[in-house]
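>>> here are the coordinates; sequence isn't available:
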């Protein structure tokens, strides 16, 4: 929270005021713009489930369902999926035009070569890995600040509520 600006925290409200001159005028303009866009928008994919308003989505069986599907897709493509491997160093072999990936694995250090690479670690982790390959990108990634966020879920038995 100490690095989260008021504008970032209330972004939608800021946009309403900026676009309409006031919150009410901005909201009216937003409704008008959305109605206009709806007239020219392509039809919604019929395979998608219907949702009401701004619904938070998830997977039926939790986020693990996504990683399991991704893993299956990678294996179907003939690539092994390696678990419990930690990327410790990333470099570029210009002569062979390949990424050189150094890992700590359960069976000791390993090195792999790759034509392509996708990094999905937090920016501060990715910055350390990229420093040797692209210092400017590493510096940019280090500027990203993560605000502290907490989520609390409270559940009550239906009998706890008055009819």
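Perfect, I can see it now. Owing to the predicted nature of the structure, the values given are computational and were not obtained by experimental measurement.

>>> is the spatially most central residue of the chain within a helix or a strand, and which one?
Per Cα atoms, centre = their mean, the C-alpha nearest to the average position across the chain is that of residue 120, at 8.4 Å. Using DSSP states H and E, residue 120 sits within no helix or strand.

>>> and it, what is it in contact with?
By Cβ atoms under 8 Å, 6 or more residues apart in numbering, residue 120 lies in contact with nothing. Just so you know, the C-beta spots here come from the backbone N, C-alpha and C atoms, and that holds for glycine as well.

>>> numbering from 20 from now on, please.
Yep, numbering from 20; the last one is residue 139 now.

>>> now the end-to-end length of stretch 34-49.
One end of stretch 34-49 sits 10 Å from the other (Cα to Cα, to the nearest Å).

>>> quick one: the residue lying farthest from the centre of the chain from residue 122, how far?
The C-alpha centroid of the chain is most remote from residue 182, which lies 41.0 Å away (Cα atoms, centre = their mean). To residue 122, residue 182 is 59 Å away according to Cβ to Cβ, to the nearest Å.

>>> what of residue 136?
Residue 136 is 13 Å from residue 122, where distance means Cβ to Cβ.

>>> settle it for me: which of the two has more neighbours?
residue 122 (16 against 13; other Cβ atoms under 10 Å).

>>> that one contacts residue 109, doesn't it?
No: counting by Cβ atoms under 8 Å, residue 122 does not reach residue 109; the two are 10.3 Å apart.
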